[in-house]
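Trainee: Sequence below, structure please.
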Amino acid sequence: MKRILSVVGMLGLALFAAFVPEAFAAEEGLGDLAKLGLGIGSGLGIGIASGVGGMGQGRAVAAALSGIARNPGASAKILTPMIIGLALIESLVIYALAIAFLLQAKI
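Mentor: This is a model prediction of the structure:
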């Protein structure tokens, strides 16, 4: 339960940091606090995305290897969906990287 609360707290902090620039933006341009929020938000966003993506990929590979170890004859049927799943997980991390670059461009 503590782990779930800490993950929810970190996600809440990341969401707060992502919306800080909109709340404190100046009329002429971005203020110093907004730039700080953009920097922290983009850094936290890509950090969380890469960490969670790495954990997801690790669990997927572990489950696939466990299945192959139990039934070596099914390795061809397990390997292809695993690789497709890993590519989809990695694409989500790349989307987070693109969003982080867009946020950094606003600074």
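
Trainee: OK, contacts around residue 96?
Mentor: 45-46, 49-50 (C-beta atoms under 8 Å, 6 or more residues apart in numbering). In this view, the C-beta of every residue, glycine as well, is placed from N, C-alpha and C.

Trainee: Let me know the helix or strand that it is in.
Mentor: helix 75-105 (DSSP states H and E).

Trainee: Please point out which parts of that helix sit buried.
Mentor: Judged by neighbour count (16 or more other C-beta atoms under 10 Å), helix 75-105 contains these buried residues: 78, 82, 85-86, 89, 93, 96, 99-100, 103.

Trainee: want to try CSV for those, with distance to residue 11 as columns?
Mentor: Supplementary listing: these in CSV, determined by distance: C-beta to C-beta, whole Å:
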residue, distance to residue 11
78, 31
82, 27
85, 23
86, 23
89, 18
93, 16
96, 13
99, 15
100, 16
103, 17
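
Trainee: List just the nearest of these to residue 66.
Mentor: Checking those against residue 66 with C-beta to C-beta, the nearest one is residue 78 at 9.7 Å.
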